[in-house]
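A.B. asks: Sharing a sequence plus its predicted fold:
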Amino acid sequence: MRGKKIQSNNEGSGNQSRQSKNEIDMLHGTLWSKIILFALPFMATSVMQQLFNATDTAVVGRFASSQAMAAVGANASVIALIVGLFTGMAMGTNVAVARLIGQGRDTRIHDAVATSMTTAILSGLLLVLIGNLVARPLLGIMGTPEDILEKAILYLRLYMLGMPFLMIYNFGSAILRSKGDSKRPMYCLLASGVINVGLNLLFVIVFHWNEAGVAIATDISSGISAAVILILLAREEERFQVRLRHLYLRKKPLLEIMRIGIPAGLQGMVFSFSNIILQSAINSFGSSAVAGSAAAQTFEFIAYFVINSFTQAAVTFTSQNYGAGDLKRCREVYRWCILFGVCSSAAVDISFMLLRYPLIGLFATDPEVIAFGATRIITVCLFNFVANSYEVTSGALRGMGYSVLPTVLTIIGSCLFRIAWVFVVLPRFGSFQSIIIVYPISWAFTGIMVLTAYALVCRRQNRSAA
């Protein structure tokens, strides 16, 4: 291990001289400031993306109807389920490329990059087909209220047309972040997001396209972000360069991406499946509950993205340093990421709880919708910081190559536990709050298991090193 570390660091010194101003040297120097420097643009990117997506809900809620707002909101867990596997594959790209950077294997980096972008395009095209085939049966199985079912189906089918663009952006951003560049993906999303907001207002207020209009606006803005990310990658140095006419698949990098990405993606899919079960229970309370819950979820997603920014930092920094053979630095990465994640997300959670009524009021004027949304914020969003216990820890494990372990534990703690809750606990109480309280309870349960697993992995690695 010591020999590997010395070799990688020597090669890394050569790589360091080629770093651009947008990159971060993750293998040397102080960690805490570099983690913040990496995480903050990623956090801003994710939060902006959620805010721009929230305009879909807010615009139709304010300028169309609560039914149109519910139709958009009812699709959140469905979309997460359908795209979950391929979002995980993007994480596999991050880990695979970052590890090669840490190992100093420049010749293999380009194969991994080309394979990643080819996978992105093929995945996006497959998602268009899947989304349009499952829209009606899946929303029907969920018990989507009849007064919003057709609107929800239309929104989902139109939204899925933009999947090739979304996959190109996600995989392309993962390539840039693998080498410490989290700023340019943020700039790219900022430009497309502003366009998305403008198109939302135009299509809904002027053209009265309602839920169809916000879906089309999202597709157009996704196309813009994909185009910009491709332009950026086309101008990269040769090992990171992407040109559409030079894309191909290579078996070895594809298997590495799949080894990390598929378990992460399956975790996201099963996680989303459990949320669909919960969404079905929420649907039984009517369109006001669906709309209020959808509005509150906007702020839950923002709080989650704060956590996810340090999860991604844990994945990327750990991958490079694990590739370089520096286990001690990997542990230090994890400590900083979990500390920053808990403190920042707790501050966000408390802010949302204190401002819950005016925040939900941004999306709706119906008192019943606002009441449901406020209840969800104080019951779920206030405790979002607990999710750091398994999210950041899972990121650190995946950076070290352990992708199946956190997947299995998360499926047990956050998915099977929630499904059991719906069928065992919910029938006894039958209230809206008794549904959503399962979120923070399952986060704590999952966190205990994943933290224990991380401690055992570290102990085994220490024994091997000795």
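C.D. replies: Yep, that arrived.
A.B. asks: what about the nearest residue in space to T365 that is not next to it in sequence, neighbour count?
C.D. replies: In space, and not counting its chain neighbours, T365 is closest to R62: 7.9 Å by C-beta to C-beta, 6 or more residues apart in numbering. The C-beta positions use only the backbone N, C-alpha and C, and glycine is treated the same way. Other residues lying near R62 total 16 when counted by other C-beta atoms under 10 Å.
A.B. asks: Tell me which helix or strand R62 sits in.
C.D. replies: helix 32-63 (DSSP states H and E).
A.B. asks: how distant is that helix from the center of its chain?
C.D. replies: Relative to its parent chain, helix 32-63 has a centroid offset of 11 Å by C-alpha atoms, centre = their mean, to the nearest Å.
A.B. asks: How far off centre is the helix or strand that it is followed by?
C.D. replies: The helix or strand immediately downstream of helix 32-63 is helix 66-73, counting by DSSP H and E. With C-alpha atoms, centre = their mean as the basis, helix 66-73 stands 23 Å off its chain's centre.
A.B. asks: looking just at contacts, which helices and strands does whichever helix or strand comes after helix 66-73 meet?
C.D. replies: Using DSSP H and E, the helix or strand that follows helix 66-73 in sequence is helix 76-103. Identification of packing neighbours for helix 76-103 by 3 or more C-beta pairs under 8 Å, 6 or more residues apart in numbering; DSSP states H and E yields helix 2-17, helix 106-141, helix 146-160, helix 163-178, helix 251-283, helix 287-323, helix 388-399.
A.B. asks: Tabulate those helices (a markdown table), appending distance to G213 and mean neighbour count.
C.D. replies: Listed next are the helices and strands packed on helix 76-103 as a markdown table, based on distance: least, C-beta to C-beta, whole Å; neighbours: other C-beta atoms under 10 Å:
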| stretch | distance to G213 | mean neighbour count |
| --- | --- | --- |
| helix 2-17 | 47 | 14 |
| helix 106-141 | 18 | 19 |
| helix 146-160 | 9 | 21 |
| helix 163-178 | 18 | 26 |
| helix 251-283 | 24 | 21 |
| helix 287-323 | 17 | 27 |
| helix 388-399 | 34 | 28 |
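A.B. asks: thinking again about what came up before, contacts only, for the residue nearest to T365.
C.D. replies: Contact analysis of R62 by C-beta atoms under 8 Å, 6 or more residues apart in numbering lists 363-365.
A.B. asks: any idea which of the residues you listed has the most stuff around it?
C.D. replies: Going by other C-beta under 10 Å, F363 tops the contacts of R62 with 26 neighbours.
A.B. asks: any idea of the pLDDT on the spatially closest residue to I262 that is not a sequence neighbour?
C.D. replies: Spatial nearest neighbour of I262, chain neighbours left out: G88 (6.6 Å); criterion: C-beta to C-beta, 6+ apart. If you check G88, the pLDDT there is 81.
A.B. asks: for the record, mean pLDDT for stretch 435-449?
C.D. replies: Mean predicted confidence for stretch 435-449 is 94.
A.B. asks: Could you do stretch 383-390 as well?
C.D. replies: In the prediction, stretch 383-390 has an average pLDDT of 95.
A.B. asks: start to end distance for that stretch?
C.D. replies: 14 Å (C-alpha to C-alpha, to the nearest Å).
A.B. asks: Which helix or strand contains V242?
C.D. replies: Using DSSP H and E, V242 falls outside every helix and strand.
A.B. asks: who touches it in this structure?
C.D. replies: 113-114, 117, 172, 175, 230, 233-234, 236.
A.B. asks: 10 Å - rerun?
C.D. replies: Applying C-beta atoms under 10 Å, 6 or more residues apart in numbering to V242 gives the contacts 110, 113-114, 116-118, 120, 168, 171-172, 175, 229-236.
A.B. asks: that older thread, the residue nearest to I262 contacts S272, correct?
C.D. replies: No - the criterion here is C-beta atoms under 10 Å, and G88 misses it with S272 at 11.3 Å.
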